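J.: Give me coordinates for this.
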Amino acid sequence: MPTRILIVEDDPDIAELVARYLDKAGFVTDRAASGREALQAIAAKPPGLLVLDLMLPQVDGLEICRLVRANEVTAAIPIIILTARAEESERIVGLELGADDYMAKPFSPNELVARVRALLRRAHRGAGPAAKTLAYGPIALDTDRHLVSSGGQDVTLTAKEFLLLEYLMQHRGRVLSRDVLLTDVWGYRYTGGTRTVDVHVRRLREKLPVLADGLVTVKQFGYKLVDPIP
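T.: Residues are numbered from 1 along each chain as shown. Okay, here's the model as predicted:
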């Protein structure tokens, strides 16, 4: 089944442009022109991915992002913010609330399709006959079923948080620059700036307290996941 993408955009011309390119790429698209309409659509049938404008009537995109991430049913839905607001502060707020990606208008529809594919390729993991599990102290990461637990308790991560944690665990002990993390985890030449990595690292530390000590900041360079303290 093709992935269903919900486009939340109040400008009908932009919504039509995005839908046309995504439909042509083989996805199934639905549209919502207001924040309230979007929340109703998400509650009725959670999409496989959300393309979300910030400036919306009734309920803005940042609040939608926050509500989606706060709900266990929708918390893992990949979110791409699409907005005319290009200021770094707006981008960081969106990332803080759990967005996986950010594109500023005007944008290339082909690049949007590429980013959607890259995000879904990393977010959707089929359950194999034998799940592969990575371990770090009390943290267990099931790469096939896309599940994370700490001390036996399930932990909800966004798609990018999961992929970043997986990459860090796979490269334990190596110093990883922010540029390397952007290239290998985000999967394309990301233009949002290396601050994106810092935001996601902070959220991982908040959700998985063992990383507060284990995920070390290498000043002016990047991060290193050191062996957990016994």
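
J.: Please report how far E9 lies from G98.
T.: 19 Å (C-beta to C-beta, to the nearest Å). C-beta coordinates here come from the backbone N, C-alpha and C atoms, glycine included.

J.: typo on my end, T3
T.: Note on T3: its distance to G98, by C-beta to C-beta, is 19 Å.

J.: How about D60?
T.: 15 Å.

J.: Between the two, tell me which one has more neighbours.
T.: Taking neighbours as other C-beta atoms under 10 Å, D60 and G98 compare with G98 leading, 24 against 15.

J.: E37 in helix, strand or coil?
T.: Under DSSP: H, G, I helix; E, B strand; the rest coil, E37 falls in the helix class.

J.: Also the one 5 residues further on?
T.: Classification of I42 into helix, strand or coil gives helix, according to three-state DSSP.

J.: what's the burial count for it?
T.: When neighbours are counted by other C-beta under 10 Å, I42 registers 21.

J.: got the contact list for it?
T.: By C-beta atoms under 8 Å, 6 or more residues apart in numbering, the residues touching I42 are L6, L50, I64, V68, T74, I77.

J.: just for the chain, where's the confidence low?
T.: Regions of the chain meeting the criterion pLDDT under 70 cover residues 85-91, 123-131, 187-193, 229-230.

J.: Identify the residue nearest the geometric centre of it.
T.: Geometric centre of the chain, nearest residue: D100, 2.6 Å, by C-alpha atoms, centre = their mean.

J.: Is it correct that that one is in contact with F162?
T.: No - here D100 does not reach F162: they are 10.1 Å apart, not a contact under C-beta atoms under 8 Å.

J.: What sits closest to R36 if chain neighbours are left out?
T.: In space, and not counting its chain neighbours, R36 is closest to Q58: 4.3 Å by C-beta to C-beta, 6 or more residues apart in numbering.
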